[in-house]
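>>> Predicted model follows, preceded by the sequence.
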Amino acid sequence: IPWIIWTFVYMYFNFSFRFHDQVVSEFFSNNQAQWGHYFLRTFLSSLWFLPLIFGLYVLTPLMRIFVKYARNIDKIYFLSIWFLIFSLLPFLFKTPLFPDYEPSLFFAPFQYVGYFVLGYILFHKNLFKKMRLSILFLVAILPMFISLLPINHRYIQEFVHRFMYPGTVISTLFFFVFIILLSKKIDPFITIRGRKIIT
């Protein structure tokens with residue numbers, strides 16, 4: 001239901017503020033099929049992350065078995081292969097063999113499943129727990145500053161350009177750990193009312 005509601009919000013915004021003119025108005029005015037096509041296109045593109053989340057939920061039973069029974073070396077192997085195939089190689093080589101972005105209901109969940117597994121491992125294994133919060137935060141924002149360097153080179157400027165690029169993966173990893181450790185530190189000081197507000 002929220003997905004449908006927000007689709008109409010996006011449709012209204014796009015139609016009213018982005019490409020509203022007389023030709024477009026006349027095209028849509030008496031064409032129900034075109035409105036249906038517009039709804040479907042907005043439904044599956046503007047909120048692309050919702051089909052992605054749905055795809056990850058479909059993979060969850062398999063991932064649950066994997067994270068429960070796989071050895072640590074197997075998990076490291078899985079994440080290494082994921083990072084290589086879906087992050088590093090598409091960043092280094094822009095070719096059809098290594099697509100850097102594929103908003104597909106079938107392909108996108110496999111692109112993002114590494115984040116899914118990595119989040120589980122970081123949360124349950126308490127990795128980097130001895131690092132200071134300030135260091136974690138600095139490492140998390142470092143890739144962004146690297147991409148802002150005044151160096152006219154694609155690898156520098158695009159380091160955090162997409163969700164799957166190496167700089168974004170590194171930044172996400174350390175920022176996620178930063179949030180986990182920060183929440184554990186402030187947890188004893190949050191009142192019941194505060195918890196309800198945060199929830």
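Right, received. Where do you want to start?

>>> Could you tell me how far Cys144 is located from Thr199?
Actually, residue 144 is Met rather than Cys. Separation of Met144 from Thr199 (Cβ to Cβ, to the nearest Å): 29 Å. Quick note: C-beta positions are derived from backbone N, CA and C, even for glycine.

>>> Neighbour count for these two, which is higher?
Met144 (13 against 5; other Cβ atoms under 10 Å).

>>> Nearest the middle, which residue of the chain would you pick?
In the chain, the C-alpha nearest the mean C-alpha coordinate belongs to Phe163, at 5.8 Å (Cα atoms, centre = their mean).

>>> Can you tell me the SS state at that one?
Secondary structure for Phe163, judged by DSSP: H, G, I helix; E, B strand; the rest coil, is coil.

>>> And the pLDDT for it?
pLDDT for Phe163: 86.

>>> now do Ile5
The model's pLDDT for Ile5 equals 90.

>>> again with the one 3 residues further on
In this model, Phe8 is scored at 88, pLDDT.

>>> For the residue nearest to the centre of the chain, give its distance to Gln111.
In terms of Cβ to Cβ, Phe163 sits 9 Å off from Gln111.

>>> In the chain, where is pLDDT below threshold?
Residues of the chain that meet the criterion pLDDT under 70 lie in 18-31, 101-103.

>>> need the helices for it, in chain order.
2-13, 22-29, 32-45, 49-69, 72-83, 89-92, 108-125, 133-147, 154-157, 166-186, 192-198 (DSSP state H).

>>> got the CA coordinates for the fourth one in PDB?
C-alpha atoms of helix 49-69 as PDB (Å, rounded to 0.1, in the frame of the first residue of the first chain):
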ATOM      1  CA  PHE A  49      14.700  -0.300  -4.200                       C
ATOM      2  CA  LEU A  50      11.300  -1.800  -3.200                       C
ATOM      3  CA  PRO A  51      11.500  -4.700  -5.800                       C
ATOM      4  CA  LEU A  52      15.100  -5.000  -4.700                       C
ATOM      5  CA  ILE A  53      14.100  -5.500  -1.100                       C
ATOM      6  CA  PHE A  54      11.500  -7.900  -2.200                       C
ATOM      7  CA  GLY A  55      14.100  -9.900  -4.100                       C
ATOM      8  CA  LEU A  56      16.400 -10.000  -1.000                       C
ATOM      9  CA  TYR A  57      13.500 -11.300   1.100                       C
ATOM     10  CA  VAL A  58      13.100 -14.100  -1.500                       C
ATOM     11  CA  LEU A  59      16.800 -15.000  -1.100                       C
ATOM     12  CA  THR A  60      16.600 -14.700   2.700                       C
ATOM     13  CA  PRO A  61      15.900 -18.400   3.400                       C
ATOM     14  CA  LEU A  62      19.000 -19.400   1.500                       C
ATOM     15  CA  MET A  63      21.100 -16.700   3.100                       C
ATOM     16  CA  ARG A  64      19.900 -17.800   6.500                       C
ATOM     17  CA  ILE A  65      21.200 -21.300   5.900                       C
ATOM     18  CA  PHE A  66      24.400 -20.000   4.500                       C
ATOM     19  CA  VAL A  67      25.300 -17.600   7.400                       C
ATOM     20  CA  LYS A  68      24.300 -20.300  10.000                       C
ATOM     21  CA  TYR A  69      26.300 -23.200   8.600                       C
END
